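[1] quick one: sequence and predicted model below, then my questions.
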Amino acid sequence: MISAQAAVIAGLLAYVNGAFNLIPFLLILVGFVTIHAASNLLNDYFGYYRGHDTVDSPRRRYTLHPVADGILTKKQIEFTIVLLISINALIGAYLTAVRGLLVVAFVAVGFLMLLLYDAAPKPLKSIGLGEVASFIVWGPLMIFGGYFVVTGRLSINPLLVSVPYGLGVMSILVGKHIDQESYDAQKDIHTLPVIVGEKAARILAIGSIVLMYAFTFVSIAYGALALTAFLVLLNYGKLSKAIGVLSKDRPAEAPKGYNGWPLWYHRQCLLHNKSFGWLYIAALLIAALVASTPFYKYEFVRIVLVL
């Protein structure tokens, strides 16, 4: 879902700016979703075969594991990972032919992040850099890079627009790693919450969420986003709930009827980012619809949209 939202944000921003191209957009949409799937499989693959995803691990407790639960064999998961990466390599090759060698840089950084996060001898998530990597990938890399692929243009506007969403995805990962902190510490997996401690990590997650709105307002003031982006303020309920949960200690055990334990902070960050993403997209969609109507020829309409 988050990768699809990132692609849609890049595509809508391109449409608002009058530079939308359907084929490149569809290709980045497919590419983002499939490479995200490959990342999840790599995480499970290395987590299991390195002995991290044991029966008592948080990963095995909150949902099924494709290898440990017998859904995929070792060869099947390896084949699937190679297939998904190959699809992205082909997409990257085509887009390079269309947009030029700069696409190679975006693709190379994406593959590097993918491999370093899980497959490296010392993965990024084990040295406190996994959370930062998630911001880079789902923020500037996907939205800024995706905008370039769709339009063929480089601009500071999509870079600014990418920051709030990247921060939101980072908050999800920080929340998840807080929930797994004690287990990760035992396994010598030094995620950011393990390094800085739970309370500091919760403050970081809250700060990331607040900065999502701050950067949205900065983007509006700069003119990178239309005034319709104030629509994200409708997310106040989810914002308040996420900050409220992150401000308190996690319960000792799952509340009655709660699904997904031991993930606790992760859920609120995920729900907050999901609704923020849809409101962000709705704001861009409204601006895009207005920009495609005859009313857009009037100067006062363009002034209101700040485009």
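    Okay, I see it. What you see is a predicted model, and the numbers here were worked out from it, not measured in a lab. Numbering: from 1, shown residues only.
[2] would you map the helices across the chain?
    Using DSSP state H, the helices of the chain run over 2-16, 22-49, 58-62, 74-99, 102-118, 130-136, 145-151, 156-179, 181-186, 192-196, 198-222, 236-246, 265-291, 299-305.
[3] could you dump those into a markdown table and include mean pLDDT, mean neighbour count and distance to Gly257?
    No exception for glycine: its C-beta is placed from N, CA and C like everyone else's. A markdown table is the format used below for those (pLDDT from 0 to 100; neighbours: other C-beta atoms under 10 Å; distance: least, C-beta to C-beta, whole Å):
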| stretch | mean pLDDT | mean neighbour count | distance to Gly257 |
| --- | --- | --- | --- |
| helix 2-16 | 93 | 24 | 26 |
| helix 22-49 | 91 | 19 | 27 |
| helix 58-62 | 77 | 17 | 15 |
| helix 74-99 | 93 | 15 | 33 |
| helix 102-118 | 89 | 17 | 33 |
| helix 130-136 | 93 | 21 | 30 |
| helix 145-151 | 95 | 27 | 39 |
| helix 156-179 | 95 | 25 | 18 |
| helix 181-186 | 88 | 16 | 24 |
| helix 192-196 | 94 | 21 | 27 |
| helix 198-222 | 96 | 18 | 24 |
| helix 236-246 | 96 | 16 | 17 |
| helix 265-291 | 92 | 21 | 13 |
| helix 299-305 | 56 | 13 | 45 |
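[4] nearest to Asn259, of these?
    helix 58-62 (8.3 Å; C-beta to C-beta).
[5] return the alpha-carbon coordinates of the closest one using CSV.
    Only the C-alpha atoms of helix 58-62 are listed here, as CSV (Å, rounded to 0.1, in the frame of the first residue of the first chain):
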residue,chain,number,x,y,z
PRO,A,58,7.8,-10.9,17.2
ARG,A,59,7.8,-11.6,13.4
ARG,A,60,6.5,-15.2,13.9
ARG,A,61,3.9,-14.1,16.5
TYR,A,62,2.0,-11.3,14.6
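[6] follow-up on the earlier one: out of the helices of the chain, which is closest to Ala252?
    Of all the helices of the chain, helix 181-186 comes closest under C-beta to C-beta, at 12.4 Å.
[7] just checking, Val33 touches Gln5?
    No: look at Val33 against Gln5 with C-beta atoms under 8 Å: they stay out of range, at 10.4 Å.
[8] coming back round to it: tabulate the helices of the chain (TSV), appending distance to Ala68.
    As requested, the helices of the chain are exported to TSV (distance: least, C-beta to C-beta, whole Å):
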stretch	distance to Ala68
helix 2-16	24
helix 22-49	6
helix 58-62	6
helix 74-99	11
helix 102-118	16
helix 130-136	21
helix 145-151	34
helix 156-179	18
helix 181-186	15
helix 192-196	23
helix 198-222	27
helix 236-246	29
helix 265-291	20
helix 299-305	51
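[9] can you give me every residue that contacts Val245?
    Counting by C-beta atoms under 8 Å, 6 or more residues apart in numbering, Val245 makes contact with 264-265, 268.
[10] how near is it to Leu239?
    Here the criterion is C-beta to C-beta, to the nearest Å. By it, Val245 lies 11 Å from Leu239.
[11] with Ile209 instead?
    Counting by C-beta to C-beta - Ile209 and Leu239 are separated by 7 Å.
[12] shared neighbours of those two, which are they?
    Joint contacts of Ile209 and Leu239 (C-beta under 8 Å, 6+ apart) are His272.
[13] between the contacts of Val245, which is closest to Tyr183?
    Nearest to Tyr183, judged by C-beta to C-beta, of those is Trp264 at 13.4 Å.
[14] find the nearest non-adjacent residue to the closest one, please.
    Distances taken as C-beta to C-beta, 6 or more residues apart in numbering put Arg250 closest to Trp264, at 4.7 Å, once the chain neighbours are dropped.
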